[in-house]
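S.K.: Any chance you can model this:
(one chain, ligands or ions: 3)
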Amino acid sequence: MDYSLLNSIDSPADLRRLPRTELKKVADQLRAYVLESVSKTGGHLGSNLGTVELTVALHYVFNTPEDRLVWDVGHQTYPHKVLTGRRDRMSGLRQLGGISGFPRRDESPYDTFGTGHSSTSISAAHGMAMAAKLKGESRKAVAIIGDGSMTAGMAFEALNNAGVAHGGVLGDVLVILNDNDMSISPPVGALNKYLARLMSGSFYTAAREGAKSVLKHTPLYEFARKFEEHTKGMVVPGTIFEEFGFNYVGPIDGHDLESLIPTLENLRDKKGPQFLHIVTKKGAGYKLAEADPVKYHAASGKFDPAVGFVKPATPPKLTFTQVFGDWLCDMAEADPRLVGITPAMREGSGMVEFHKRFPQRYHDVGIAEQHSVTFAAGLACEGVKPVVAIYSTFLQRAYDQMVHDVAIQNLPVLFALDRAGLVGADGATHAGNYDIAYTRCIPNMAVLTPADENECRQALYTGFLHDGPVTVRYPRGSGAGVTPVAEMTAQPWGKGELRRQGERIAILAFGTLLYPALAAAERLNATVANMRFVKPLDAELVAELARTHDALVTVEDGCIMGGAGSAVTEALNAAGIAIPVLQLGLPDEFVEHGDPAKLMSLCGLDAAGIEASIVKRFGEKPQVVRAAATR
Ligand SMILES: Cc1ncc(C[n+]2csc(CCOP(=O)(O)OP(=O)(O)O)c2C)c(N)n1
Ligand SMILES: CC(=O)[C@@H](O)[C@H](O)COP(=O)(O)O
Ligand SMILES: [Mg+2]
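M.R.: Ligands and ions are numbered 1, 2, ... in the order given. This is a model prediction of the structure:
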């Protein structure tokens, strides 16, 4: 592929020096470059192919980085990265030491706001626009948000705030709605239907024609005809965005530079809140991705662009997500009260089959984590048994709903927490490091940490039977490879199990780190307990292990601060037991993107790392003097 023009652009200033007639060529080369580079690294694909022209137009029209571009989610910023001096660094995308798959303020001055989670862009851009006003600066702030991300409450909270003046001042914020009629899965909800009506034009046409026939013989008709702009507000309903105080323009073709550029120039020069609705195609320019945008949302690894994504020759290992999906179908078969809920993550959460088989009991609520939890609470009030399938990182959004709507009322809602622990290539924004700490402190909430695939199935069953809120957490990808037993058996509530009897040191393992802990224990001849429950914690087992060993080691793939190890030390304190405790887990820092196994090793959470930490703390042949206990 000829990238000669693209290769001459090391910053948007270079782009802005080009004649307009060259921009189509830039876009074509940029699209080919993004496709080629994602085919070598993996990463998000469809959304990036869909925003190529928009990215070229934005950097051409706006004075970036002085004008602020805020990309919602940020999974569509690869073209932006290429045009802002990171073309050569695309080969290290999402890899350890390489650039992030999302915008990062510490990566480039053009990345004005860090993202990864959706629906923050309008709030952030509004903040930037208001800051410019306060500082007497004339820069623009632009939020670029997708139709899926627009469904979240936060986006509307921001519109509600940005559309009105504060102390007589309106921010110069431009919101660009990138409407490709797709989320990761097909979009859902009333907003999607509304946008479709706007796109089809029927909204305006019908409303305008209706109004005209009523007004035809009045002086107002002539007035309205002359001032078409005004008629939108006066005789036909404005779009919802106008009702929020924005000047709405669109929909326009987001792949057509001929209309994008003049429209953006026009909006750039306008004051106050502006709203541009563009229509794009997810996967644009790559036939396979256009035809199957769900599949081509992201590439898990390398692929040949001429062939597309192919199934691996050897069947991949069973993932925890699949274990959950299978369990959900089996449980739904067994209990008609079960309802499955996902906030816009049907594929990632393993609910495709459940959706097919139980469409009436499947709810994709859109990107609306808060709503998903309170909706589940409402269902639970009426005797329905909701299962909220949600990524650990996205549940952070719905913390108050978990506390206020579920736990205080002790409602039986099962949270199936996928992507617990490090997730790898998506990095810190998507890592599920905190859920043990943030769930175990909530009264009434039970927290289960299955160690392998079979335990995951049984833990989900156990949690489902419990008459109160429960989280069952499991990581991205596969585990030790323990095939789930079809028969579902409830685990003894709040009980762990001894997995290896050793001497002096007892390792208390939570979740999938049981297996590296067992490997480390083999070398150290340590005892290992599979704790299974963070809450209720098996305090008897903790006390017994403390009584029969010289030191305890806790191991978890969540943050050390406030995590399962903290639960153990609290239990020891409560029982008045003094014993040295080494707490192993994720450090008090954001762990970068990269290969998950490497990252776990860097955090000292593989077998060698666990062994090394124990030896470092307690010596080569662990000898611990109880009297010198320190915690
Ligand atoms: C709070 C939150 N929930 C869920 C996600 C997962 N997620 C990432 S992109 C995406 C779809 C976004 O759709 P849209 O904004 O229309 O962008 P498109 O992918 O169509 O370009 C979802 C659900 C997320 N990043 N953040
Ligand atoms: C951008 C985003 O939030 C999702 O696309 C996310 O990257 C999916 O992660 P998984 O690949 O773990 O489902
Ligand atoms: Mg979309």
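S.K.: which residues in the stretch 301-450 of the chain form helices?
M.R.: Per DSSP state H, counting those that start in this stretch, the stretch 301-450 of the chain carries helices over the ranges 320-334, 352-357, 369-381, 392-395, 399-400, 435-440.
S.K.: Equivalent analysis for the stretch 151-300 of the chain, please.
M.R.: Under DSSP H, counting those that start in this stretch, the stretch 151-300 of the chain gives helices at 153-162, 190-200, 202-215, 219-226, 228-234, 240-243, 257-268, 287-291.
S.K.: now stretch 519-531: mean pLDDT?
M.R.: On average, the pLDDT along stretch 519-531 is 98.
S.K.: Only C-alpha atoms, please: export it in PDB.
M.R.: Written as PDB, here are the backbone C-alpha positions of stretch 519-531 (Å, rounded to 0.1, in the frame of the first residue of the first chain):
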ATOM      1  CA  ALA A 519       2.700 -24.700  42.600                       C
ATOM      2  CA  ALA A 520       4.600 -22.300  44.900                       C
ATOM      3  CA  ALA A 521       3.600 -24.400  47.900                       C
ATOM      4  CA  GLU A 522       5.000 -27.600  46.300                       C
ATOM      5  CA  ARG A 523       8.400 -26.000  46.300                       C
ATOM      6  CA  LEU A 524       8.100 -24.600  49.800                       C
ATOM      7  CA  ASN A 525       6.100 -27.400  51.300                       C
ATOM      8  CA  ALA A 526       3.500 -24.900  52.400                       C
ATOM      9  CA  THR A 527      -0.100 -25.500  53.300                       C
ATOM     10  CA  VAL A 528      -2.700 -24.200  50.800                       C
ATOM     11  CA  ALA A 529      -6.400 -23.400  51.500                       C
ATOM     12  CA  ASN A 530      -8.900 -22.600  48.800                       C
ATOM     13  CA  MET A 531     -10.900 -19.900  50.600                       C
END
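S.K.: from now on call the first residue 510
M.R.: Got it, first residue is 510 now, which makes that one stretch 1028-1040.
S.K.: Contacts made by it with the rest, please.
M.R.: 958, 960, 1005-1019, 1023, 1026-1027, 1046-1047, 1050, 1054, 1057-1058, 1062, 1073, 1116-1117, 1119-1120, 1123-1124, 1131 (CB atoms under 8 Å, 6 or more residues apart in numbering). (C-beta placed from N, C-alpha, C; glycine too.)
S.K.: Cross-check those against ligand 1 and keep the overlap.
M.R.: For ligand 1, no contacts are drawn from the contacts of stretch 1028-1040 by CB under 6 Å from any ligand atom.
S.K.: Show me how to select, in PyMOL, the buried members of those residues.
M.R.: Typed into PyMOL, the line below selects the buried ones among those, using 16 or more other CB atoms under 10 Å:
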select buried, resi 958+960+1005+1008+1009+1013+1014+1015+1016+1017+1018+1019+1023+1026+1027+1046+1047+1050+1054+1058+1062+1073+1116+1119+1120+1123+1131
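S.K.: Which of the contacts of stretch 1028-1040 fall within strands?
M.R.: The strands, defined by DSSP state E, take in Glu1006, Leu1007, Arg1008, Arg1009, Ile1014, Ala1015, Ile1016, Leu1017, Ala1018, Val1062 from those.
S.K.: out of the helices of the stretch 810-959 of the chain, nearest to Gly792?
M.R.: Proximity to Gly792 (CB to CB) singles out helix 861-866 among these, at 19.3 Å.
S.K.: Would you map out the domains in the chain?
M.R.: 513-699+760-798, 829-982, 1006-1137 (automatic domain parsing).
S.K.: Tell me which of those domains lies nearest to Tyr805.
M.R.: That would be domain 513-699+760-798 among the domains of the chain, by CB to CB, at 3.5 Å.
S.K.: got the contact list for the closest residue to ligand 3 within the chain?
M.R.: Closest to ligand 3 within the chain is Gly655: 3.7 Å, counting by CB to the ion. Going by CB under 8 Å, 6+ apart, Gly655 touches Ser556, Asp581, Val582, Gln585, Ser627, Leu686, Asn687, Asp688, Asn689, Ser692.
S.K.: Name whatever forms a beta bridge with it.
M.R.: Beta bridges link Gly655 to Asn687, judged by DSSP bridges.
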